[in-house]
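K.L.:
sequence first, then the predicted structure:
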Amino acid sequence: MEERLNNYFTTLRRFSHIILSKLAGDDSGMNWDLKLSQLKAIAAFKDDRAFSMNDLAKNGMVKLPNMTTMVDSFINDGIAERERDATDRRRVLVRLTPKGKKIRTKFLANRRKTATAIFSSLSEKKKNELLDSLEKVCKILEETIKED
């Protein structure tokens, strides 16, 4: 069992490395001053409005404390700003600054370009196999986690 578990983790790391290294790679033409985790957090701002920290964590699929840490760094770097909710002054919202919006737009465009390049080189059969495999992995993991 231990060897299979190690193989599982090794395969997951390889998969993540292949995709994430391509997204954040130097060949993107983008000189990111941010870590990939921060770029993914910027993508959690799904549109041009302000979000609660809970919504951002949910959108970015990260834990709230991690998102809070990233947002704090964004605020220090002028990428995001906090504001009070107009309807409930106790609630704090976060929105991207123009600098943050520019970074988000470039990152999302690069992500789409990279994904297009990766998948355009695959045959239709390979695309279907990859999608079927990833859907199967997600389904197995979701079922397993629900059982806990």
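P.N.:
Everything's here; your move.

K.L.:
show me what contacts the spatially most central residue of the chain?
P.N.:
By C-alpha atoms, centre = their mean, the chain has its centre lying nearest to K40, at 3.2 Å. Counting by C-beta atoms under 8 Å, 6 or more residues apart in numbering, K40 makes contact with 60, 62. C-beta coordinates here come from the backbone N, C-alpha and C atoms, glycine included.

K.L.:
how does it look with 6 Å?
P.N.:
By C-beta atoms under 6 Å, 6 or more residues apart in numbering, the contact list for K40 is empty.

K.L.:
which parts of the helix or strand hosting it are buried?
P.N.:
K40 is part of helix 36-43 when elements are defined by DSSP states H and E. By 16 or more other C-beta atoms under 10 Å, the buried positions in helix 36-43 come out as 38-42.

K.L.:
rebuild those residues as CSV, extending it with distance to L122.
P.N.:
Below are those laid out as CSV (distance: C-beta to C-beta, whole Å):
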residue, distance to L122
Q38, 29
L39, 25
K40, 24
A41, 29
I42, 28
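
K.L.:
other SSEs contacting the helix or strand I19 falls within?
P.N.:
Per DSSP H and E, I19 falls inside helix 2-24. Helix 2-24 sits against helix 98-120, with contacts defined as 3 or more C-beta pairs under 6 Å, 6 or more residues apart in numbering; DSSP states H and E.

K.L.:
could you check the angle helix 98-120 makes with the next helix or strand along the chain from the helix it packs on?
P.N.:
Downstream of helix 98-120, the first helix or strand assigned by DSSP H and E is helix 124-147. Relative orientation of helix 124-147 versus helix 98-120 (axes from the mean of the first three to the mean of the last three C-alpha atoms, to 10 degrees): 120 degrees.

K.L.:
off-centre distance for helix 124-147?
P.N.:
19 Å (C-alpha atoms, centre = their mean, to the nearest Å).

K.L.:
need the contact partners of that helix.
P.N.:
With contact meaning C-beta under 6 Å, 6+ apart, helix 124-147 is reached by no other residue.

K.L.:
please repeat the previous calculation with a cut-off of 8 Å.
P.N.:
119, 122.

K.L.:
just want the angle from that helix to helix 2-24.
P.N.:
Counting by the same axes, to 10 degrees, helix 124-147 points 120 degrees away from the direction of helix 2-24.

K.L.:
now do helix 124-147, average pLDDT.
P.N.:
What helix 124-147 shows for mean pLDDT is 87.
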